[in-house]
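Chemist: structure, please.
(one chain, ligands or ions: 1)
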Amino acid sequence: MKVPKTTKSLCPRCKKHMDFTISVYKKGKKRTLAQGQRRYDRKKKGYGGQPKEVFHKNAKVNKKTTPLLTCSVCGLKKYGRPQKVKKYEIIAG
Ligand SMILES: [Zn+2]
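Modeler: A predicted model of the protein is given here:
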């Protein structure tokens, strides 16, 4: 899917339609001290192998991509509609 680099959208801070630049949302860094991570680390300690199954048989190629829109004037960031596509391409213009 091809997406233009800039689009017009409503900015709630400027309270009107503004130019937004589109980029792709990326996951943040995992927190090492989150409860789930601590529990997992504890489970992995000691004897025995991998405690939780690791998924390998993935047949699907489409991944959900969330666009991140940034207002060109005030810099407000908002999310666009997530798309399930094979390839998410941002083109100029
Ligand atoms: Zn704005």
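
Chemist: assign a three-state SS to residue 84, would you?
Modeler: What DSSP: H, G, I helix; E, B strand; the rest coil gives for residue 84 is strand.

Chemist: can you report how many residues lie near it?
Modeler: Residue 84 has 11 neighbours, counted by other CB atoms under 10 Å. In short, each C-beta sits where N, CA and C put it, glycine included.

Chemist: what does the protein have sitting close to the ion?
Modeler: Residues of the chain found near the ion (CB under 5 Å from the ion) are 11, 13, 14, 18, 71, 73, 74, 76.

Chemist: at 8 Å instead, please
Modeler: Residues of the chain lying close to the ion by CB under 8 Å from the ion are 11, 12, 13, 14, 18, 71, 72, 73, 74, 75, 76.

Chemist: any chance you could list what contacts stretch 50-62?
Modeler: 40, 43, 44, 84, 85, 86 (CB atoms under 8 Å, 6 or more residues apart in numbering).

Chemist: and the residue of the chain most remote from its centre, which of the three is it?
Modeler: Here the chain reaches farthest from its C-alpha mean at residue 47, the gap being 35.8 Å by CA atoms, centre = their mean. Taken by three-state DSSP, the conformation at residue 47 corresponds to coil.

Chemist: against the ion, how distant is it?
Modeler: 56 Å (CB to the ion, to the nearest Å).
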